[in-house]
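> quick check, what structure comes out for this input:
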Amino acid sequence: MTTPRNPKPEGLRARKRRATENAIESSAVKLSLEKGVANVTVEEICEMADISRSTFFNYFAGRDYAIVGRAVDLPDDASAFAILDSAADDLPRGIFRLLFAGMGHTNVNSEVARLRQRLVEEQPQAARMMMSTLMETTYRLTGIGIAWLTSHPEHARTADPAREVSLAVTLVTGVIVVQMRKWAAAEGDVQATEEDFDLVMEEYRIFLP
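Just a heads-up that it's a prediction; the model follows:
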């Protein structure tokens with residue numbers, strides 16, 4: 001199984017797909033900054049990214065996802081359970097691995113991250129859109145996590161699986177939000193790793209008695 005700690009090297013096909021995805025996202029956010037989120041069309045994004053409309057929809061289900069990021073499609077239950085099994089006694093780490101498995105890669109494009117930060121700071125509508133897609137991902141992660149923990153009660157640390165999974169997902173969401181500023185300050189594609197996860201989890205402990 002591939003985890004953020006040990007990502008497999010990307011092949012040529014994967015790199016080309018990432019380049020197209022980056023071009024779409026970069027175009028979508030730049031247009032949104034220039035014209036306002038409400039005024040951007042799929043056609044304009046396709047023109048700037050130099051792709052066809054059909055190619056756009058091969059990557060994104062809709063315009064909003066290209067602008068603020070898509071909700072993550074998670075593996076099926078069996079594959080998702082196997083990923084959570086790999087960190088059975090560390091649920092937040094398992095959720096972190098599951099999130100990136102759903103993304104299909106561990107790359108974060110720093111330019112897109114910087115542009116999106118600026119966009120949500122300048123346009124409240126974009127912030128609401130981003131929160132919506134984040135909640136979609138959160139609900140999906142939580143649902144799979146509850147199913148897994150319910151079927152593996154020996155790994156539970158509390159009497160309430162739903163509450164325990166919600167706490168773990170919230171921690172992981174916080175890791176991503178905190179590290180996004182670091183990733184945005186880099187150049188090109190950067191790798192999201194479990195070292196990033198460990199760093200933020202250690203920083204969380206500053207606030208614990």
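
> distance of the residue in the chain sticking out farthest from the centre relative to A184?
Taking CA atoms, centre = their mean, the residue of the chain most remote from its mean C-alpha position is P209, at 30.3 Å. The span separating P209 from A184 equals 32 Å under the rule CB to CB, to the nearest Å. Placement of C-beta: from N, CA and C, glycine included.

> what's the answer for R116, then?
8 Å.

> which one's more surrounded, those two?
Ranked by neighbour count (other CB atoms under 10 Å), R116 and A184 place R116 first, with 23 against 19.

> in a helix, that one, correct?
Yes. Under DSSP: H, G, I helix; E, B strand; the rest coil, R116 sits within a helix.

> could I get the pLDDT score of it?
Listed pLDDT for R116 reads 96.

> that one contacts K30, correct?
No. Counting by CB atoms under 8 Å, R116 does not reach K30; the two are 10.8 Å apart.

> measure how far stretch 197-209 is from the centre of its chain, please.
Offset of stretch 197-209 from its chain centre (CA atoms, centre = their mean, to the nearest Å): 21 Å.

> quick one: contacts of it?
Stretch 197-209 is contacted from outside by P4, P92, R93, F96, L171, V172, G174, V175, V178, Q179, using CB atoms under 8 Å, 6 or more residues apart in numbering.

> now D189: phi and psi?
D189 adopts backbone torsions of phi -80, psi 130, taken as degrees, to the nearest 10.

> wait, I meant Q191
Backbone dihedrals for Q191, given as degrees, to the nearest 10, come out at phi -90, psi 130.

> for it, name its beta-bridge partners.
Per DSSP bridges, the residues bridged to Q191 are N107.

> burial measure for it, as a count.
Here the count is done by other CB under 10 Å, and Q191 has 15 residues near it.

> follow-up on the earlier one: buried subset of the contacts of stretch 197-209, written for PyMOL?
To isolate the buried ones among the contacts of stretch 197-209 in PyMOL, judged by 16 or more other CB atoms under 10 Å, type:
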select buried, resi 4+92+93+96+171+172+175+179
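
> can I assume L98 is in contact with T142?
No. The pair L98 / T142 is not scored as a contact, 11.0 Å apart, by CB under 8 Å.

> what about these two, which has more around it?
Neighbour count, other CB under 10 Å: between L98 and T142, L98 has more, with 29 against 17.

> what is the neighbour count of the closest residue to that one other than its chain neighbours?
Spatial nearest neighbour of L98, excluding adjacent residues (CB to CB, 6 or more residues apart in numbering): I83 at 4.9 Å. By the criterion of other CB under 10 Å, I83 has 24 neighbours.
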